[in-house]
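[1] fold the following.
(chains A, B, C and D)
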There are 2 protein chains.
Amino acid sequence: MISLSQSVGYAVLALAQMDPEGKTLVLASDIAEAANIPKPYLSKILARLQAAGIVEGKRGQGGGLRLTRTAAEITVYEVADAIEGPEWRCSCLLGIPGCSEGKPCPAHEYWGKARAEIVETLRAMTLDRVREFTEAGWKMPILS
Amino acid sequence: MISLSQSVGYAVLALAQMDPEGKTLVLASDIAEAANIPKPYLSKILARLQAAGIVEGKRGQGGGLRLTRTAAEITVYEVADAIEGPEWRCSCLLGIPGCSEGKPCPAHEYWGKARAEIVETLRAMTLDRVREFTEAGWKMPILS
DNA sequence: TCAAAAAATCACCTGAAGGTCAACTTTAAA
DNA sequence: TTTAAAGTTGACCTTCAGGTGATTTTTTGA
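    Now for the predicted structure:
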């Protein structure tokens, strides 16, 4: 499919719903509704983001979630790492098991360069840039 | 993971083991051994390649498999289509469900261009170019 | 015509991703 | 001090890719 997992997409959309300053707390159920993510599934995603130190949760009445840094300091690259693990940026384009520097596949050299550009793009893509999109009217479509 | 499925990789390696002229028949078991693919799994891959008209099988004693065109005329692009279906070349980089021209995600414009380059590269990658790699000593590593 | 050789097919197993549910813990307000 | 609000956790389900095994069908050569 040549793409990151759906969980990464959900994570990015969820984070874009939170206070970009990392101050005021937001409810998980509000995030779920705004980004149209099944609430129990969102919980699992938030758990991984917490394990990676990207968000913090506060329990109990008046609780909620917040970013540990500002939205300008968090990149989609980090989010992908938190959800998929760091292996996502060293995969073989053709999906050949055992493809490596020592045993390159026919696409290895090309993909090494192309993939590096993609990684750099995601490293430069911060959550506040994502927010520009979501605020400009982007809404998760309701899937039938 | 940003990559095609392992089945596509196996398909490419399997096709690279066949007669590039599409004349002499090769045994499925020989392909499986040469490319180090589990034989029953290879059968399923070959079935999809046959459904797509890329290979032909001849049953019975003295039978085997052959390409329907020469290796110079078959591209990795086609093979990916045959195995994954044509959707592999229109996926959203971030894995966001519902991302489209009408409702683009923050990476949509960038990924549209980057993906087009990848697709063009695979469309230019023919099986005889793959064979240059496999003949030059590339061997499927035995996975432990 | 019969047996061996070969591809084709079917059923099944396993693990991971996506998704759901219910129970549990923490906390602050009443 | 009770209780309701909130996040947290663990069990479970479904689907699909990856992988395996056994059976069936076709074909040819003996």
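[2] could I get the average pLDDT for the longest helix that chain A contains?
    The residue-count maximum for a helix in chain A (DSSP state H) belongs to helix A:108-124. Averaging pLDDT along helix A:108-124 yields 97.
[3] show the subsequent helix or strand relative to it.
    Sequence order places helix A:127-135 as the next helix or strand after helix A:108-124, per DSSP states H and E.
[4] relative to helix B:108-124, how tilted is that next one?
    100 degrees (axes from the mean of the first three to the mean of the last three Cα atoms, to 10 degrees).
[5] what helices and strands are in contact with helix A:127-135?
    Applying 3 or more Cβ pairs under 8 Å, 6 or more residues apart in numbering or on different chains; DSSP states H and E, we find helix A:127-135 packed against helix A:6-16. The C-beta positions use only the backbone N, C-alpha and C, and glycine is treated the same way.
[6] angle of the helix it packs on against helix A:127-135?
    Helix A:6-16 runs at 90 degrees relative to helix A:127-135, counting by the same axes, to 10 degrees.
[7] do the helix or strand following helix A:6-16 and DNA strand D come into contact?
    Next along the chain after helix A:6-16, taking DSSP H and E as the criterion, comes helix A:28-35. Yes: contact of helix A:28-35 with DNA strand D (Cβ under 7 Å from any atom of the strand) involves A:28-29.
[8] lowest mean pLDDT among the helices and strands of chain A, which one is it?
    helix A:127-135 (a mean of 89; mean pLDDT, DSSP states H and E).
[9] measure the residue nearest to A:Ala82 when sequence neighbours are not counted to A:Pro40 for me?
    Spatial nearest neighbour of A:Ala82, chain neighbours left out: A:Ala52 (3.5 Å); criterion: Cβ to Cβ, 6 or more residues apart in numbering or on different chains. Going from A:Ala52 to A:Pro40 by Cβ to Cβ, to the nearest Å gives 20 Å.
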